[in-house]
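*Asks:* Sequence first, then the predicted structure, then my questions.
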Amino acid sequence: MFRVAATLVFASVAIAGCAQQKSLQVTDAWVRLAAVDGRPAAGYFTIQGGGSDTSLTSVSTAEAARTELHESRMTQSGGMAMDSLSSVPVPAGQRVVFAPGGKHAMLFEVSPNVKPGGTLTFAFTFSDGKRVEQKARVVGPADPVPAGS
């Protein structure tokens, strides 16, 4: 009798775990300030897709006048080019990384109140209507990438 009860409890826990959908998450957010005042800062982060496909459609912060999604790429001549992105697909259950040399958010006209060692809050908007807020650590132009990012 005990074995039957234990088996039923184990099975119900396993089934409940399968039924839970993963939630969309944004982690490891950080911002590198520009070396020259007035130039854009760059934001980096990781998105973990949830239970269904979606797309990142915008990133914003009250600390910048405008934020755009971009992707850096190597050109055939070996130089770097940057393309503007209208959205970024986030497949269900998959990780999308925004990192130096790749996808990133450009922050234009950053508030002078934003300083290395501080934080700012990003608002991420997705095509399925979800909105996620995440704090981002701020580093100076020559500072190392924050630990855990």
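*Replies:* Arrived safely.
*Asks:* For stretch 137-146, buried residues please.
*Replies:* By neighbour count on 16 or more other CB atoms under 10 Å, the buried set for stretch 137-146 is 137-139, 146. Any C-beta I mention is one placed from the backbone N, CA and C, and that applies to glycine too.
*Asks:* From one end of stretch 97-114 to the other, what's the distance?
*Replies:* 24 Å (CA to CA, to the nearest Å).
*Asks:* now stretch 39-58
*Replies:* Distance across stretch 39-58, first residue to last, is 20 Å (CA to CA).
*Asks:* on that earlier part again, now, which of the buried residues of stretch 137-146 lie within strands?
*Replies:* The strands, defined by DSSP state E, take in 137-139 from the buried residues of stretch 137-146.
*Asks:* export these to a markdown table and tack on distance to residue 86 and pLDDT?
*Replies:* Shown next, in a markdown table, are these (distance: CB to CB, whole Å; pLDDT from 0 to 100):
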| residue | distance to residue 86 | pLDDT |
| --- | --- | --- |
| 137 | 27 | 98 |
| 138 | 26 | 98 |
| 139 | 28 | 98 |
